[in-house]
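Asker: Structure, please.
(chains A, B, C and D)
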Protein chains: 4
Amino acid sequence: MRLHVITTGGTIDVEYSLQGTMVTGPPMIGTLLQRIRTDLEVTIDSVCRKDSRDLDDDDRDLIRHRAETSDTEHVLITHGTDSMTTTAAHLQGVHGKVVVLTGAMQPARMIDSDASFNVGLAVGALQLLPAGIFIAMSGRVFPAGTTIKDCRRGLFIADDGDAP
Amino acid sequence: MRLHVITTGGTIDVEYSLQGTMVTGPPMIGTLLQRIRTDLEVTIDSVCRKDSRDLDDDDRDLIRHRAETSDTEHVLITHGTDSMTTTAAHLQGVHGKVVVLTGAMQPARMIDSDASFNVGLAVGALQLLPAGIFIAMSGRVFPAGTTIKDCRRGLFIADDGDAP
Amino acid sequence: MRLHVITTGGTIDVEYSLQGTMVTGPPMIGTLLQRIRTDLEVTIDSVCRKDSRDLDDDDRDLIRHRAETSDTEHVLITHGTDSMTTTAAHLQGVHGKVVVLTGAMQPARMIDSDASFNVGLAVGALQLLPAGIFIAMSGRVFPAGTTIKDCRRGLFIADDGDAP
Amino acid sequence: MRLHVITTGGTIDVEYSLQGTMVTGPPMIGTLLQRIRTDLEVTIDSVCRKDSRDLDDDDRDLIRHRAETSDTEHVLITHGTDSMTTTAAHLQGVHGKVVVLTGAMQPARMIDSDASFNVGLAVGALQLLPAGIFIAMSGRVFPAGTTIKDCRRGLFIADDGDAP
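Answerer: A predicted model of the protein is given here:
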């Protein structure tokens, strides 16, 4: 299987600066995938490096363009959690691709990060799902439009149409 | 989703003893799952604590019994890699369950372990697969009987019927 | 040797919140010292939990009081780096104690943190130094008043009396 | 301060092989020192890569030769714990150098390793000790000949002349 990874920033890539602030650092997906031995062919494509609260429509158009024009069927997007559902909605209608968004609640550079697990979850989902847009977070795989982030508890839950 | 985890030992649970030897330690799956925030309901069931080269038919009968009598549909088995395919074969015919075996090439207690990724891969696969027996390793999900461990390269590959 | 550890917060104890912000979390010194096997007797005394830019004279009076009234000769203080030299100056004149301040440039909860090394550096220094106030950072041990933080490079250097 | 590091193998450098065995891997001291920001000048000199139970007199002669002919005053030796006291004894009489041996009870590649702490302990000791041969382990600094490894508890203790 070939895998096209689009990185956009978000908590997964956060690092701690010399000035004692958090900044979105270089993508960690390469480091995370080096931990596994695999014969998956992976291409990493860094589209932007933003806190997802700062992503705008131009960013989302670009992410969509890269997904649509990918020469692979399987697209993994690493993304901040705060607007992951917004970007997933923006990708609706991309045809012929399995697109899975994931990210992390704790930076991949932290010991107890959920990043490796989440990327594994997304990679497992990618190869079993039909074409469409999905979010893989909190140990679960959701079709776009069926999940919201429960900010208080820090997890993605099924969206029953009511506010969390 | 409810998840029944059966632990059997293997590299994923290896620790380094005071005597400078490797031993199979307490299961790490609880620690790995604590890193993610999830509302999955997880039961951990420690069946044995062995290097998988030392598992015998009695062990495999017990693992099969626990899977068959589980009160959940989804069963995750953490297992050593050397005989993972043997145990998967032994589980053939378990009905009405999705059973996914996973493990690690590097102990979960090591910084660059593949354990978190692999468990994520298995959890992603579990909720998307039909009933049956599967192996989730090396970034891929294989039906039992269709993969072998390539010991030289340290990864699971599709079994084309020839020796690796 | 008995060791009295005073924790005050700082980068060493930073954690990443559910809201995606950095907060000073519970002290990590206990976790760091559990990694070593030792028969040192350690008492941990959490005085405050602050970014060191927010420490005021009341905090420093309290830190000094705890150091002066400690029933041990050896006092280790974990502290943010930004005002470590200020607190060290404030402790001048504490009699009959070896006091070493240390901290970290990367939170102890991060994989590549300098926290364990720095605490080791401080513990090594504590048992070899005469009474006085010292800073152990950047692989070096400085008497209070002889070092400044070079904020641009993120390290403590000998203070030659000029600005860095 | 300039620092000459001699690596010899031991638990600190152990890695887990594809075959599920422990082997002494490439020295980890460079990785450990990269975690700190420092202006120490460090030279790393890999003399051998052995479990310290397998070190012989030829190895120890070579280690001694490298320490004696070092162009720095401060020599740090990373070493397995099982024969660390034997090598320390073998180095007695090296003149004009501060030599500190350290190592780890858990490989530096493990999450909860004591390696970073121990190297910090040794670096702190190195700059405060007079010329001589020392062991820095278990949170303490011992002159050679005054400590033994308590194998049951996994720590170095003061040698009171009786068996542990």
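
Asker: And the pLDDT for the closest residue to A:Asp159 other than its chain neighbours?
Answerer: Distances taken as Cβ to Cβ, 6 or more residues apart in numbering or on different chains place A:Ile148 nearest to A:Asp159, at 4.5 Å, with adjacent residues excluded. Any C-beta I mention is one placed from the backbone N, CA and C, and that applies to glycine too. Looking at A:Ile148, its pLDDT is 97.

Asker: How many neighbouring residues does A:Ile148 have?
Answerer: Counted with other Cβ atoms under 10 Å in any protein chain shown, the neighbours of A:Ile148 add up to 19.

Asker: List the pairing partners of the one helix or strand it maps to within its sheet, with orientation.
Answerer: According to DSSP states H and E, A:Ile148 maps onto strand A:147-150. Sheet pairing here is set by DSSP bridges, and for strand A:147-150 it gives strand A:155-158 (antiparallel).

Asker: and the strand it pairs with, average pLDDT?
Answerer: Across strand A:155-158, the average pLDDT comes to 96.

Asker: And for stretch A:24-44?
Answerer: Averaged across stretch A:24-44, pLDDT comes to 96.

Asker: picking up where we left off before, assess the claim that the residue nearest to A:Asp159 and A:Thr85 are in contact.
Answerer: Yes: counting by Cβ atoms under 8 Å, A:Thr85 is a contact partner of A:Ile148 at 6.2 Å.

Asker: Chain C versus the residue nearest to A:Asp159, what's the distance?
Answerer: 15 Å (Cβ to the nearest Cβ, to the nearest Å).

Asker: ok, now A:Gly145?
Answerer: In terms of Cβ to the nearest Cβ, A:Gly145 sits 23 Å off from chain C.

Asker: Which strands border the strand or helix carrying A:Ile135, and is each parallel or antiparallel?
Answerer: Per DSSP H and E, A:Ile135 falls inside strand A:132-137. According to DSSP bridges, strand A:132-137 forms sheet pairs with strand A:98-102 (parallel), strand A:140-143 (antiparallel).

Asker: Pull the distance from the first one to the chain's centre.
Answerer: For strand A:98-102, the separation from the chain centroid amounts to 7 Å (computed by Cα atoms, centre = their mean, to the nearest Å).

Asker: Then stretch A:31-41?
Answerer: 17 Å.

Asker: ok, now stretch A:75-91?
Answerer: So, by Cα atoms, centre = their mean, the centroid of stretch A:75-91 is 6 Å from its chain's centroid.

Asker: what about it and chain C, any contact?
Answerer: Yes: between stretch A:75-91 and chain C, judged by Cβ under 8 Å from any Cβ of the partner chain, the touching residues are A:80-82.

Asker: which residues does the nearest residue to A:Ser17 once chain neighbours are set aside contact?
Answerer: Nearest residue to A:Ser17, sequence neighbours excluded (Cβ to Cβ, 6+ apart): A:Val23, at 5.0 Å. Neighbouring residues of A:Val23 by Cβ atoms under 8 Å, 6 or more residues apart in numbering or on different chains: A:14-15, A:17.

Asker: Most neighbours of all those, which one?
Answerer: Neighbours here mean other Cβ under 10 Å. Within these, the largest count is held by A:Val14, at 25 neighbours.

Asker: still on that earlier bit, nearest to B:Asp45 among the contacts of A:Val23?
Answerer: A:Val14 (35.7 Å; Cβ to Cβ).

Asker: I'd say the closest one and C:Tyr16 touch.
Answerer: Yes: the pair A:Val14 and C:Tyr16 passes the contact test of Cβ under 8 Å, sitting 7.3 Å apart.
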